[in-house]
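Asks: Let me see the structure of the following:
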Amino acid sequence: MSTLIENTEKFVLELFKKELPNTFVYHNFSHTHRVFKSTKEIIENSEINVKDTEILKLAALLHDCGYTKTREGHEEESVKIATNYLKSQDVDSETIEAVSKCIMATKFKDSPKTKLEEIIRDADASHFGKDYFQEASEFLRKELELQNVKKYTPSEWLDENIEVLSKNHRYYSDYAIRNWAPKKNKNLIDLLEAKNKKKRKADKEKLKAKYKAQFKNESPERGIQTFYRVALRNHIKLSDIADTKANILLSVNAIIISVVLANLISKLDSNPYLTIPTVIFTLFSVTSMILSIIATRPNVTSGEFTKEDVENQDVNLTFFGNFHKMGLKEFEWAISELLKDKNYVYTSLTKDLYFLGKVLDRKYRLLRITYTVFMVGIIVSLIAFGIAVQGNPGKRIQDVLKPEQGSALIISKDSTTKSYYWS
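Replies: Purely as a prediction, here's the structure:
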């Protein structure tokens with residue numbers, strides 16, 4: 001490599017480092033180096049004299065310097081920068097003129113006119129015929145987006161690349177036509193296949209959405225399934241609420257009975273007037289407990305069915321109580337028969353829903369009676385305790401006024417009290 005080429009490469013590198021914005025993720029020194037390398041590849045495989053070789057290498061290194069000034073019309077700016085630099089290096093005007101023409105030949109819209117222009121043009125677009133085409137293309141898309149030139153979607157960029165490779169680009173030099181054009185065609189085929197794949201996928205999704213919407217609108221299946229799902233869930237939730245209410249009553253009455261047994265019954269000998277209220281209170285609490293237990297007590301079913309029951313659709317296989325005693329093989333056979341007939345499935349779900357409703361009716365009726373008994377029991381017991389205490393006023397005062405140690409308490413007939421102390 002000549003001294004001029006080495007110095008030019010260093011000049012371009014320093015220029016890009018200092019003045020090229022970071023948004024140029026494609027048109028940077030890496031791209032320049034790729035073009036320079038591709039230019040040497042064509043030169044080494046073509047009959048190019050030394051003078052033209054130097055011109056091509058200089059043009060490859062300097063062709064994108066104008067991006068440090070502007071994006072639009074960067075070729076003209078590159079010519080200005082190249083001219084000033086080459087003059088500073090004492091390069092003859094003929095060489096400068098040739099380098100400038102090669103730089104202007106990289107304008108994509110213009111067609112090259114000389115062999116040198118064809119070579120530099122092919123080197124600038126060499127990535128079309130390379131394995132790294134997809135990566136380079138993606139860097140260019142990102143650069144256009146970062147600089148707010150245009151934002152392409154992946155599909156739009158795919159169409160843009162197909163348009164460029166199939167209609168807007170061609171190789172000119174013999175070496176590029178022989179060695180890069182086949183790979184370019186392969187890259188174009190890959191792009192077309194990717195587009196067709198996306199199109200097939202989009203058509204499939206569109207058709208799927210169409211049939212799904214049509215099926216949803218025309219078929220009542222979804223609405224039927226939603227009905228059974230919501231109805232069964234609500235019934236089960238109501239059953240849980242009923243069990244919870246019954247458990248609350250059980251717990252409360254168990255505590256009440258424990259308190260009665262531990263405190264009141266032991267004092268009935270000395271306070272016989274509390275016997276009837278205590279008995280009433282206890283009876284109502286025990287009755288409430290019994291009703292709560294009845295409300296939550298499960299019913300035991302046979303758990304068996306026959307083949308005829310399944311064939312006649314007389315057994316509800318959605319409820320465990322109808323099959324818990326059957327063998328696994330018989331149950332699997334019954335389920336397979338159930339699933340063969342959609343109407344049998346809906347009939348079973350309807351039966352399950354119906355009998356759940358019957359169970360709920362029984363539970364909530366018993367719970368209503370239980371809460372009524374508990375409420376009446378509390379009221380009657382309080383009234384009974386009040387009457388018992390009211391009917392025994394002296395006893396009530398005697399219970400309240402306990403004699404202190406060292407004193408004597410005397411209760412007169414008119415319920416007045418007198419205390420006498422002794423030493």
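Asks: Could you use CA atoms for every contact and neighbour count after this?
Replies: OK.
Asks: and the host helix or strand of R222, what other elements does it pack with?
Replies: Using DSSP states H and E, R222 falls within helix 221-259. Secondary structure elements in contact with helix 221-259, counted by 3 or more CA pairs under 8 Å, 6 or more residues apart in numbering; DSSP states H and E, are helix 275-296, helix 342-390.
Asks: what helices or strands is the shortest one leaning on?
Replies: If contacts are counted by 3+ CA pairs under 8 Å, 6+ apart, helix 275-296 sits against helix 221-259, helix 342-390.
Asks: Next, the angle from that helix to helix 221-259.
Replies: Inter-element angle recorded for helix 275-296 and helix 221-259: 160 degrees (by axes from the mean of the first three to the mean of the last three CA atoms, to 10 degrees).
Asks: And the longest one, by the same measure?
Replies: Using the same axes, to 10 degrees, the interaxial angle of helix 342-390 with respect to helix 221-259 works out to 20 degrees.
Asks: And helix 342-390, what does it pack against?
Replies: Counting contacts by 3+ CA pairs under 8 Å, 6+ apart, helix 342-390 packs against helix 221-259, helix 275-296, helix 328-340.
Asks: closest to L353 out of those?
Replies: Taking CA to CA as the criterion, L353 comes closest to helix 221-259 out of these, the separation being 6.2 Å.
Asks: residues of the closest one that come out buried?
Replies: Residues of helix 221-259 classed as buried by neighbour count (16 or more other CA atoms under 10 Å): 228, 232, 235-236, 238-239, 242-243, 245-247, 249-250, 253-254, 256-257.
Asks: next one: stretch 141-148
Replies: For stretch 141-148, the buried set under the neighbour-count rule, 16+ other CA under 10 Å, comprises R141, K142, E143, L144.
Asks: just to revisit the earlier point, and of the helices and strands packed on helix 342-390, who's closest to V359?
Replies: Among those, helix 221-259 comes nearest to V359, with 8.3 Å by CA to CA.
Asks: quick check: mean pLDDT across the closest one?
Replies: The predicted model gives helix 221-259 an average pLDDT of 85.
Asks: got it, and stretch 111-124?
Replies: Averaged over stretch 111-124, pLDDT sits at 93.
Asks: contacting residues around it?
Replies: Contacts made with stretch 111-124 from outside it, assessed by CA atoms under 8 Å, 6 or more residues apart in numbering, are listed as 35-36, 38-39, 42, 52, 56, 59-60, 101-103, 105-106, 171-173, 176.
Asks: my guess is S100 meets A60, correct?
Replies: No. Under the contact definition of CA atoms under 8 Å, S100 does not touch A60, with a separation of 10.8 Å.
Asks: Between the two, tell me which one has more neighbours.
Replies: For S100 against A60, the residue with the higher neighbour count under other CA atoms under 10 Å is A60, and the figures read 29 against 23.
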